[in-house]
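>>> A predicted structure for the sequence below; I have some questions about it.
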Amino acid sequence: MSLLDTRVPAVLLRIDRNPFHHGTLGAVRSLGRAGVEVHVVADSAGSPVQRSRFVSRLHPPPPPGASPGEIAAALHRVAARVSRPAVLIPMDDASAVAVGHLRERLSPGYLLPRQPGPLAERVADKAELAAVCERLGVPHPVTLIPDSPAQAAAAAWRLGLPVVAKWSRPWLMPAGTGLRSTVVLGSAQEAQTLYLRSAEAGSRLLLQAFVPPGRDRDWFFHGYADRSGSVRAGGPGRKQRAWPPGAGLTTVGRWTPNPQVQALAERLTGELGYRGIFDLDFRRDGTTGRYHLLDFNPRPGAQFRLFTDASGLDVVRALHLDLTHRPLPDPAPRPGRSFVVENYAPLTALRARPGGRELAWHARDDLAPGFALWALWSRHAAARLLDRALGAVRPPAEARMPLGAAVPSPLTDDEKASSC
C-alpha cells in the first residue's frame, strides 16, 4: 500500500524548453511508482520524458516569455481537466518564481507550500542571494554589481582575475542570444564588454570572486522544508563529476554525509522561513575550508533522486505527503548511493557502484525513455558538432561568440541550468 494519498494527482510544471531535463523524468517516476496520477505541463514533444509509462497526460506549457497571467491561464486549463485539487511542482526556476507570485490565484486548484512572500524569486535571483547571505552571515563569494562598463572593469580588478560573471536572473535570458548564465572571465576588458549586453540578457550582471574548483570541493544539498520548517528528506551530496568540468550539471554524484553542509542548509532555510523543495550548491574554499553557497534553487534539483532513502522517500514524495497531510516516515538515509547521468558519463554508467546507484534515464520498470534518449542525444550531439565545425570556418561569426565561451561544450544554457 502506498504511503502517498493516490487520490491527489500531481502536476509538474516546466517552462524552459530543455528536452534533456532528467529531473522531470525523475519526478514522474517517483510519483508514478507510488500510484500517483502525474500530469506534465512542459514542452515534452521531443523529450524522452513523454515516453515514460508513468506519465498520465501531457499538457501544453505556457509560451516562452509568458506573462504571469498567461502562466496562470495555462495552469487553470490543466486544473479544469484534472478536475480535483493537485500538488503542483515547479521543475525550473522560471516556474518556481512564477508560481511563488501566483500562489493565491492558483488556489484552490493546486496544493502549494505556504512560502513567505516572493521568497522563491529572492533566492533564485543571484544578486539578491548575495545580499541574503551577507545579512545572514552565510559564506558566499564576494559579489559586486556594477552600474556601468567602467565599473565592471574596475570590479574585475578589485576581485582579482579570473572572475566569475553571472546574470542575476538567468531564467529571463531569451533563447538564441548565445549568452551563458555563468562564465569565467580572464580580463577586465571581457567584464566591460559583457556588461554592454545587460539589456540583451534581461537582468543585472554581477561579478564574483572566483573560488577555485578541486577534488572534493563541490557539494550540493537537496531537501524539503515541511509546514513546520523542518528539513525532511534529501541530504548532502558530493559532485564527483560535472560537465563542463568544474561547472555545470552534476553527471556523477554521491550521497556523502557532511555535517557542515547539512548545518548550513538547515540554518539558511530556517532563518528565511523557507517552505518547499530546495537545491543548494556549495563549493569549499581550499584555503579556508569554508563552504561557500553558490546557488539556491527553489525547486527540485535534476539529481534529486540520488537522495532516495531506504523507505523510498525523496523530496518530491515528501512534498506530496506533507501537502496532503500524510505522515512522513522516519529518515532512513543511504549514504554511499550514487546518481549517474549516462549521456554525459556513459562509461561510469556501465560500472557497478558500491552503495547502490540510480541512472538518470534508464530504469528496468520504465525502459522507453532510456532508449529514446540515445536517438535524441545522437542527433543533438551531431548538430552541435556540425555547428562547431561550421563556426570554425566562419571567423566573423566566431568573433561574435559570447565572452567566456572559449571552452567548447555541447551543453546548452538550459542544460546547464538543470544542474541545480
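It's in. Predicted, not measured: the structure shown is a model, and the values here were computed from it. Numbering: from 1, shown residues only.
>>> what are the ranges of the strands in the stretch 1-150 of the chain?
Taking DSSP state E, counting those that start in this stretch, the strands of the stretch 1-150 of the chain run over residues 10-13, 38-41, 57-59, 86-90, 110-111, 143-144.
>>> Output the ones you listed in a markdown table, with mean pLDDT, distance to R254 and mean neighbour count appended to each entry.
No exception for glycine: its C-beta is placed from N, CA and C like everyone else's. Listed next are the strands of the stretch 1-150 of the chain as a markdown table, based on pLDDT from 0 to 100; distance: least, C-beta to C-beta, whole Å; neighbours: other C-beta atoms under 10 Å:
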| stretch | mean pLDDT | distance to R254 | mean neighbour count |
| --- | --- | --- | --- |
| strand 10-13 | 98 | 26 | 27 |
| strand 38-41 | 98 | 28 | 24 |
| strand 57-59 | 96 | 33 | 16 |
| strand 86-90 | 98 | 25 | 26 |
| strand 110-111 | 98 | 33 | 22 |
| strand 143-144 | 98 | 29 | 20 |
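>>> Relative to A120, which of those strands is closest?
strand 86-90 (8.1 Å; C-beta to C-beta).
>>> Quick one: list the elements packing against that closest one.
strand 10-13, helix 93-106, strand 110-111, helix 315-323 (3 or more C-beta pairs under 8 Å, 6 or more residues apart in numbering; DSSP states H and E).
>>> So what touches that strand?
Here strand 86-90 makes contact (C-beta atoms under 8 Å, 6 or more residues apart in numbering) with 8-14, 27, 39, 75, 79, 96, 98-99, 106, 109-112, 277, 298-300, 316, 319-320, 323-324.
>>> swap the cut-off to 7 Å and go again
The contact list for strand 86-90 (C-beta atoms under 7 Å, 6 or more residues apart in numbering) reads 8-13, 27, 79, 96, 99, 106, 110-112, 299, 316, 319-320, 323.
>>> between the helices and strands packed on strand 86-90, which gets nearest to L386?
helix 93-106 (29.2 Å).
>>> Counting by contacts, list what the closest one packs against.
Contacts defined by 3 or more C-beta pairs under 7 Å, 6 or more residues apart in numbering; DSSP states H and E place helix 93-106 against helix 68-82, strand 86-90, helix 119-124.
>>> now what about the longest one, what contacts it?
I take that to be helix 68-82. 9, 11, 39, 41, 59, 61-63, 86, 98, 101-102, 105-106, 109-110.
>>> Could you rerun that using 6 Å?
Applying C-beta atoms under 6 Å, 6 or more residues apart in numbering, the contact partners of helix 68-82 are 9, 11, 41, 59, 62, 98, 101-102, 105, 109.
>>> if you skip the residues just before and after it, what's nearest to L136?
Nearest non-adjacent residue to L136, counting by C-beta to C-beta, 6 or more residues apart in numbering: E271, 5.4 Å away.
>>> Give me the pLDDT value at that neighbour.
Among the per-residue scores, E271 holds a pLDDT of 97.
>>> Could you do the one 3 residues further on as well?
At Y274 the predicted local confidence, pLDDT, stands at 97.
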